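J.: Quick one: sequence plus predicted model below, questions after.
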Amino acid sequence: MEPTQTLRIAIQKSGRLTDKTIRLLQNIGLVFDGYKDRLIVPIQNFDVELLLIRDDDIPEYVQDGVCDLGFVGANVTAEVGADVTVLRDMEYGRCRLSIAVPKNSRFRTPQDLDGCRIATSYPNLTHAWFRGQGLSVQTVKINGAVEIAPRLDVADAICDLVSTGGTLKANGLEELTVVFRSEAQLIRTNRPLSQRKSDLIDKFLVRIGGSQLAERSRYILMNAPKSALGSITGIIPALKSPTVLPLADPDMIAIHSVIPIHQFWEVMEELKAAGATGIVILPIENMIL
Ligand code: PRT
Ligand code: ZN
């Protein structure tokens, strides 16, 4: 049978990664509607379709070539051990797989858990980590609400995903150590793809790069005395040289630029000190360099 020419992208049907992935796909120019309650969603302006499935199925579907691309947590791909290529770390869905123990228990170090029972949805990653420490544990596979296992005496400790740590705290558990750091990733099948599909993937990767850069950047506008231009342009770590515009007051100018968000506050104070006023920061939808 001829492989389909339609590029198929797997995304999580309903869960923590769904909204951000949908927003990203819309942001890079894919037009579609009605993705809720549908398994396959055609893209109107490209020969692409989305397959909406449980995240656990995504790595294997991509590995087997059922889908060409997939957006899924690194934790899921690593647990399954799928043979796929990671094209991009997506910078959302960040979390860590951690070992947690009941507060005030006798377990103070991972060594204290040697031979113990660990409840987890990630038995492969858990075993691999303990093995790497020269320790061995029994895993109890639980698919949801892993955090209640110690209270039910189903396990001595857990190995579960953590983002804020609120769930652990609410269940009287404390984090002992991080086993695996994760974020959403774009994965690609290792099966050979047609030139047409490869070209389309390259095109999307450029757009995703622009979208990620935009997410990390802000557009900044400010007014300043003309005499402060030198010191202000020295402060702005702009991607390109800033735009400088005249104002009605001949001694004043407007300066526009793009700055990385992580420098935002630091730069802000320096700019004010240099004489900038009316500073406005705007989000950027996308950027093509
Ligand atoms: O139905 P489906 O199988 O598709 O979804 P799912 O229920 O298996 O996964 P889902 O939607 O919960 O998570 C999808 C992906 O989001 C995960 O595979 C991770 O890559 C990522 N992610 C990021 C997280 C978290 N943060 C997270 N905090 N996944 C789960 N959690 C859970 C964790 O298991 C625990 O129950 O949130 C709780 C802890 O959160 P905090 O904030 O209290 O620490
Ligand atoms: Zn899942």
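T.: It's in. Worth saying up front: this structure is predicted, and the values here are computed from it rather than measured. Numbers count the residues shown, from 1 in each chain. Ligands and ions are numbered 1, 2, ... in the order given.
J.: what sits against Arg191?
T.: Asp64, Gly65 (CB atoms under 8 Å, 6 or more residues apart in numbering). Any C-beta I mention is one placed from the backbone N, CA and C, and that applies to glycine too.
J.: Look at it and report its pLDDT.
T.: pLDDT for Arg191: 98.
J.: Count the residues that sit near whichever residue of the stretch 51-200 of the chain sits closest to ligand 1.
T.: As assessed by CB to the nearest ligand atom, ligand 1 sits closest to Gly73 within the stretch 51-200 of the chain, at 2.2 Å. Using other CB atoms under 10 Å, Gly73 has 27 neighbouring residues.
J.: Tell me the backbone dihedrals of it, please.
T.: phi -70, psi 140 (degrees, to the nearest 10).
J.: Give me the domain ranges for the chain.
T.: Residue ranges for the domains of the chain, per automatic domain parsing: 7-91+184-214, 95-182, 217-283.
J.: helix/strand/coil for the residue nearest to the spatial centre of the chain?
T.: Compute the mean C-alpha point of the chain, and by CA atoms, centre = their mean the closest residue is Tyr92, 2.1 Å away. Three-state call for Tyr92 (DSSP: H, G, I helix; E, B strand; the rest coil): coil.
J.: what sits against it?
T.: Tyr92 makes contacts with Leu17, Lys20, Glu183, Ala184, as judged by CB under 8 Å, 6+ apart.
J.: What are the boundaries of the strands in the stretch 151-289 of the chain?
T.: Using DSSP state E, counting those that start in this stretch, the strands of the stretch 151-289 of the chain run over 157-162, 173-182, 184-189, 217-225, 243-246, 252-260, 277-283.
J.: interface residues of this protein facing ligand 1?
T.: By CB under 6 Å from any ligand atom, the residues of the chain that approach ligand 1 are 12, 15-17, 54-56, 73, 75-76, 93, 95, 160-167, 182.
J.: Show only the entries of those residues found in helices.
T.: Judged by DSSP state H, the residues of the chain next to ligand 1 include Asn75, Val76, Gly166, Thr167 as members of helices.
J.: Closest one of the residues you listed to ligand 2?
T.: Checking these against ligand 2 by CB to the ion gives Val76 as the nearest, at 6.9 Å.
J.: Name the member of the contacts of Tyr92 with the most neighbours.
T.: Ala184 (27 neighbours).
J.: Tell me which residues touch it, please.
T.: Contacts of Ala184 by CB under 8 Å, 6+ apart are Leu17, Lys20, Thr21, Phe71, Val72, Gly73, Ala74, Asp89, Met90, Glu91, Tyr92, Gly93.
J.: Distance-wise, check it relative to Gly70.
T.: The gap separating Ala184 from Gly70 is 10 Å, by CB to CB, to the nearest Å.
J.: cool, and Leu24?
T.: From Leu24 over to Gly70 the distance is 13 Å, taken as CB to CB.
J.: out of those two, which sits in the busier spot?
T.: Gly70 (31 against 22).
J.: So what's the residue count around Leu168?
T.: For Leu168, the count of nearby residues is 19 (other CB under 10 Å).
J.: just Thr18 next, same as before
T.: 17.
J.: Same question for the one 10 residues further on.
T.: A count of nearby residues for Ile28, using other CB under 10 Å, gives 17.
J.: my guess is it meets Arg207, correct?
T.: Yes. In terms of CB atoms under 8 Å, Ile28 counts as a neighbour of Arg207; the distance is 3.8 Å.
J.: pLDDT value on the residue nearest to the centre of the chain, please?
T.: As summarised for this prediction, Tyr92 has a pLDDT of 97.
J.: Going forward, the N-terminal residue is numbered 12.
T.: New numbering, starting at 12: the last item is Tyr103.
J.: how close does it sit to Gln74?
T.: Taken as CB to CB, the span from Tyr103 to Gln74 is 23 Å.
J.: For the contacts of Tyr103, please prepare JSON lines with the additional fields distance to Ala139 and pLDDT.
T.: Shown next, in JSON lines, are the contacts of Tyr103 (distance: CB to CB, whole Å; pLDDT from 0 to 100):
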{"residue": "Leu28", "distance to Ala139": "23", "pLDDT": "98"}
{"residue": "Lys31", "distance to Ala139": "28", "pLDDT": "97"}
{"residue": "Glu194", "distance to Ala139": "19", "pLDDT": "98"}
{"residue": "Ala195", "distance to Ala139": "21", "pLDDT": "98"}
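J.: Doesn't Asp48 lie inside a helix?
T.: No. Counting by three-state DSSP, Asp48 is located in no helix; its state is coil.
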